[in-house]
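# sequence first, then the predicted structure, then my questions.
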Amino acid sequence: MKHIKSLLIAAALFLGISSTVQAQSKVAHIASQELINQMPGYKSAMGELERLQKTYDAEFKNMMTELQKTMERYNAEAATKTQEENEKRAIEVQGTEKTISEYRNNAVKELQKKEIDLLKPVIEKARQAVQDVARAKGFQYVLDSQTGSGVIMADGYDLMNDVKSKLGIQ
C-alpha cells in the first residue's frame, strides 16, 4: 500500500512537472523596424515618397514665390489705386493664401496616404516572414525588441538573421 502511494505521488509530481514544462511558451524577439528598414521594398518606397515630396515642395515654393511677387507689386501700386481696388486686391491675396494653404494640407494628406499604400505590402511581407520563421523554429510568441516598444530586456532568441535570410537580405 505504501508502495502504491509513493508511485501515485511520483506520478502526480511527474505530471505536474511535465505540464509546467508544456505550459512554458517559447519566446523570441526581433527589432521589426530595423528589419523593415533593411528591406529593398522599403528603400524603393521611401525613394518614391521622397521624389513625390520634392515635387510637392517645388510646387509649393513656386506658389509662394508667385504670391510674394504679386504682393510686392500690389504694395508698390497701392498708392496709385483706389481704396476699392486695393480692398479687392487684398481679398485676392487672401484667397491665394487660402489656396496655397489648402494645397499644402492636401499634399501632406496625399503623402501620408501614399506612404501607407507603399509600405503596407512591405510591412505585411516582413510580418509574414517573421511568422513563418517563428513557426518553423517552434516559437509561440515574438516580441518586438525595437527601442521604445516596451521590451526592456531581450535575452531570448533573436529572429533577425533568420528572417533576413528568408527575405534574401544580406
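Sure thing, it's come through. Numbers count the residues shown, from 1 in each chain.
# longest helix in this protein, please.
In the chain, assigned by DSSP state H, the helix with the most residues is helix 83-137.
# next helix or strand past that one?
Per DSSP states H and E, the first helix or strand lying C-terminal to helix 83-137 is strand 141-144.
# in its sheet, which strands sit next to the helix or strand following that next one, and in what direction?
Sequence order places strand 157-158 as the next helix or strand after strand 141-144, per DSSP H and E. Here strand 157-158 has these sheet partners by DSSP bridges: strand 27-30 (parallel).
# in the partner strand, what's buried?
28-30 (16 or more other C-beta atoms under 10 Å). Just so you know, the C-beta spots here come from the backbone N, C-alpha and C atoms, and that holds for glycine as well.
# cool, stretch 40-47 as well?
Across stretch 40-47, burial judged by 16+ other C-beta under 10 Å covers 41-42, 45.
# in this structure, where is pLDDT below threshold?
For the chain, the stretches with pLDDT under 70 are 1-24, 148-156.
# swap in 80 and give it another go.
The model of the chain has pLDDT under 80 over residues 1-25, 146-158, 170.
# residues near residue 39, how many?
If you count neighbours by other C-beta atoms under 10 Å, residue 39 ends up with 20.
# can you tell me the closest non-neighbouring residue to it?
Leaving aside its chain neighbours, residue 39 sits nearest to residue 122 (5.6 Å; criterion: C-beta to C-beta, 6 or more residues apart in numbering).
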